[in-house]
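Q: Here is the input, now give the coordinates:
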Amino acid sequence: MTLESLLVIFVSLGGAAALVTACVNTLKQFGVLKDGQAPTAALLGNLALFVALALLKVFAPVVDIANLDATAGTIAQILGLVTGLVVQVGLSKGAHSLLRGAPVIGKSFSA
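A: Okay, the predicted model is just below:
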């Protein structure tokens with residue numbers, strides 16, 4: 001296994017790239033990563049995936065990389081959906097606090 005062949009495999013892993021992006025965006029959304037840190041985090045995430053790919057090809061060459069990539073893509077989609085849901089619930093809570101007491105739209109029937 002040469003470095004060139006590893007790179008060819010790595011650049012074809014769209015699911016893995018989507019997972020790194022989803023993780024970085026989620027960390028940004030919740031304030032774990034600050035402005036300007038995303039490129040470094042993405043680089044480190046991709047580097048970690050490249051090392052993992054190399055280790056898999058050396059120590060477990062029969063592992064189905066395409067299947068792992070598809071799973072990573074699915075996880076990225078789920079992470080994006082869950083992050084969107086959490087953000088939407090947080091925004092709804094904030095909007096409710098803002099509108100509390102306003103005529104008609106801010107009416108509450110709770111005790």
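Q: At the geometric centre of the chain, which residue do we find?
A: Centre of the chain computed as the mean C-alpha position; nearest residue by CA atoms, centre = their mean is A22, 1.9 Å away.
Q: Which strands and helices lie in contact with the helix or strand hosting that one?
A: Counting by DSSP states H and E, the element that carries A22 is helix 14-29. With contacts defined as 3 or more CB pairs under 8 Å, 6 or more residues apart in numbering; DSSP states H and E, helix 14-29 has these neighbours: helix 38-59, helix 65-99. The C-beta positions use only the backbone N, C-alpha and C, and glycine is treated the same way.
Q: Now do I9 against C23, distance only.
A: Computed as CB to CB, to the nearest Å, the I9 to C23 distance reads 21 Å.
Q: Next, count neighbours for A17.
A: By other CB atoms under 10 Å, 20 other residues sit near A17.
Q: for it, what are its contacts?
A: Neighbour list for A17: N46 [criterion: CB atoms under 8 Å, 6 or more residues apart in numbering].
Q: can you put the helices and strands packed on helix 14-29 in TSV and add mean pLDDT, distance to L13 and mean neighbour count?
A: Shown next, in TSV, are those (pLDDT from 0 to 100; distance: least, CB to CB, whole Å; neighbours: other CB atoms under 10 Å):
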stretch	mean pLDDT	distance to L13	mean neighbour count
helix 38-59	94	7	14
helix 65-99	91	5	13
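Q: Distance-wise, check the closest residue in space to T83 that isn't next to it in sequence relative to A16.
A: Distances taken as CB to CB, 6 or more residues apart in numbering place T26 nearest to T83, at 4.8 Å, with adjacent residues excluded. According to CB to CB, T26 stands 16 Å off from A16.
Q: The two: who's more crowded?
A: The neighbour count for T26 versus A16, taken as other CB under 10 Å, is higher for A16 (25 against 19).
Q: just checking, the more buried one touches A72?
A: Yes - counting by CB atoms under 8 Å, A16 does reach A72; the two are 4.7 Å apart.
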